[in-house]
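Enquirer: Dropping a prediction and its sequence here:
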Amino acid sequence: MPEGDTIHRAADRLRPALAGQALVRLDAGRARGRRPAPGTLIDDVEAQGKHLRIRFADGTALRTHLRMNGSWHLYRRGERWQRPAHVARAVVEVEDWVAVCFSAPVVELEHDDTATAHLGPDLTNAALTDAQLDAAVERLVTIAGPATPIAVALLDQRVAAGIGNVFKSEVLFIHGIDPFAAVGDLAVDTRRQLLATAAKLLRANATSGGPRVTYAGATAVYGRERQPCRRCGTPIRRRRQGEQARSTYWCPTCQPAIGRAPR
Ligand SMILES: [Zn+2]
């Protein structure tokens, strides 16, 4: 019977296979709502209470509630499924993997309207200008607000469009910035560097079609809770942050606390 910890284990198994990958196919049966188009990047896989959400970069999410009998399986592409196809309620396929949700009573497509309304400059745009980047840097303060933790502000699509949960954590690690630091506690130059690096990574990943993130094709911190930091060996930490309780991964040694933001 799927309890909360089972959902967390399922999310932990699916995350490394799906997050940062381009969607090849989504089958969600009769679920209503907007479907992400093939090619859309998978932003994150999260367990929240008894729900498992697969979030997409376009603001859509596939939410499943497994109740008594539901389960998520992960297969290599072409591998034989252990349960019959007619009890599959959702299928999420990427280049190498197929995630199948069997027998879940609740499969829904959600859409975060704030993710697409009043979008900030699009960092994935190869023709992004310096002026647009400057505008995004300003929006960190004028829209997210100086007291907002930087990791929460980076995800705010009204500040800059395109940064998902993977790159949020990665970019902060690259620059050694504490994800809990308030926007107002960071120098303007630092804010600009964070957004410039995010833009660079997003475009590099868009052209390579996978999570070729920061360390030899892998992530530095995202999805690596309790594993040693690739730079210093300190165990990577994870904490939920912001109203949407999104997971933040960071190295407490490489990204020391700054300012007086509560952690
Ligand atoms: Zn470290």
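Expert: In hand now; what should we look at?
Enquirer: wait, doesn't residue 97 sit right on residue 17?
Expert: Yes. Using Cβ atoms under 8 Å, residue 97 is in contact with residue 17, at 4.2 Å. Using the backbone N, CA and C atoms, a C-beta is placed for each residue, glycine as well.
Enquirer: Common neighbours of these two, please.
Expert: Common neighbours of residue 97 and residue 17, using Cβ atoms under 8 Å, 6 or more residues apart in numbering, are residue 74.
Enquirer: in the longest helix along the chain, what counts as buried?
Expert: The longest helix of the chain (DSSP state H) is helix 188-208. Within helix 188-208, the residues scored as buried using 16 or more other Cβ atoms under 10 Å are 190-199, 201-203, 205-206.
Enquirer: what's the farthest-apart pair in the residues you listed?
Expert: 190 and 206 (24.7 Å; Cβ to Cβ).
Enquirer: the helices in this structure, which residues?
Expert: Counting by DSSP H, the helices of the chain are 4-18, 130-139, 150-155, 165-174, 188-208.
Enquirer: Quick one, which of those helices gets closest to residue 61.
Expert: Nearest to residue 61, of the helices of the chain and by Cβ to Cβ, is helix 165-174 at 11.6 Å.
Enquirer: what angle do the closest one and helix 188-208 make?
Expert: 130 degrees (axes from the mean of the first three to the mean of the last three Cα atoms, to 10 degrees).
Enquirer: can you give me the angle the longest helix of the chain makes with helix 130-139?
Expert: 120 degrees.
Enquirer: residue of the stretch 51-200 of the chain with the smallest distance to the ion?
Expert: residue 173 (7.9 Å; Cβ to the ion).
Enquirer: can you pull the contacts of that residue?
Expert: Contacts of residue 173 (Cβ under 8 Å, 6+ apart): 214, 220, 221, 249, 250, 251, 254, 255.
Enquirer: which residue packs closest to the fifth one, ignoring adjacent ones?
Expert: Beyond its immediate neighbours in the sequence, the residue positioned closest to residue 250 (Cβ to Cβ, 6 or more residues apart in numbering) is residue 179, lying 5.1 Å away.
Enquirer: Report how many residues lie close to that neighbour.
Expert: Burial of residue 179 is recorded as 25 neighbouring residues (other Cβ atoms under 10 Å).
Enquirer: That one reaches residue 172, doesn't it?
Expert: Yes. Contact criterion Cβ under 8 Å: residue 179 and residue 172 qualify, at 5.0 Å.
Enquirer: what's the overlap in contacts for these two?
Expert: 150, 151, 250, 255.
Enquirer: Now render the residues you listed as JSON lines, adding neighbour count and distance to the ion.
Expert: Formatted as JSON lines, the shared contacts of residue 179 and residue 172 follow (neighbours: other Cβ atoms under 10 Å; distance: Cβ to the ion, whole Å):
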{"residue": "150", "neighbour count": "28", "distance to the ion": "18"}
{"residue": "151", "neighbour count": "25", "distance to the ion": "16"}
{"residue": "250", "neighbour count": "25", "distance to the ion": "9"}
{"residue": "255", "neighbour count": "23", "distance to the ion": "7"}
